[in-house]
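Participant: Predicted model follows, preceded by the sequence.
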Amino acid sequence: LASTEFEVLSELYSNHGGSSWISNDNWMSGDPCPNGDWAGVTCTSTTVVTLNLASFGLTGTLPTQMALFSNLRNLQIQSNPLTGNLPSQLGQLNKITRFQIFGNSFTGSFPSEIGELTAIAIP
């Protein structure tokens, strides 16, 4: 796993209630790639392609560093008590095809940058 992606995952765990998540199996233990040992993290080779952290119990605001997952295709963070504004930097996730954020307490307007992502599949 690229050190940048590892740092973002570490920050996510440390600053968003990771020790209290409903499912935090193997987080902060070794490298989540390529074995996929961390709950909710899926990799191809050495990069994160899926973060399925739905109903984990993530708290706080979504970090702008989430945009550093340059190969992320699937972001599922629905049904968590996340708050604050959605970072406009998420609009840099140009490979994302699935983006589920419902069931949180985000505030503010929806960033136009996210609306410009063209790979997202609308069911």
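Facilitator: Yep, it's here. Residues are numbered from 1 along each chain as shown.

Participant: Quick one: the helices in the chain, in order.
Facilitator: Residue ranges of the helices in the chain, as given by DSSP state H, are 3-15, 112-115.

Participant: any idea how far the closest residue to P81 other than its chain neighbours lies from T50?
Facilitator: Leaving out its chain neighbours, the residue that sits closest to P81 by CB to CB, 6 or more residues apart in numbering is T59, at 5.6 Å. Glycine gets a C-beta too; all of them are placed from N, C-alpha and C. Separation of T59 from T50 (CB to CB, to the nearest Å): 21 Å.

Participant: Strands of the chain, start to end?
Facilitator: Taking DSSP state E to define them, one finds strands in the chain at 41-44, 47-52, 60-61, 74-76, 82-84, 98-100, 105-106.

Participant: can I get those strands in JSON lines with mean neighbour count, distance to S23 and mean pLDDT?
Facilitator: As requested, the strands of the chain are exported to JSON lines (neighbours: other CB atoms under 10 Å; distance: least, CB to CB, whole Å; pLDDT from 0 to 100):
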{"stretch": "strand 41-44", "mean neighbour count": "17", "distance to S23": "11", "mean pLDDT": "92"}
{"stretch": "strand 47-52", "mean neighbour count": "20", "distance to S23": "10", "mean pLDDT": "95"}
{"stretch": "strand 60-61", "mean neighbour count": "15", "distance to S23": "18", "mean pLDDT": "96"}
{"stretch": "strand 74-76", "mean neighbour count": "19", "distance to S23": "13", "mean pLDDT": "96"}
{"stretch": "strand 82-84", "mean neighbour count": "15", "distance to S23": "16", "mean pLDDT": "96"}
{"stretch": "strand 98-100", "mean neighbour count": "16", "distance to S23": "16", "mean pLDDT": "93"}
{"stretch": "strand 105-106", "mean neighbour count": "12", "distance to S23": "21", "mean pLDDT": "96"}
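
Participant: right, and the ones you listed - which one's nearest S19?
Facilitator: strand 60-61 (13.4 Å; CB to CB).
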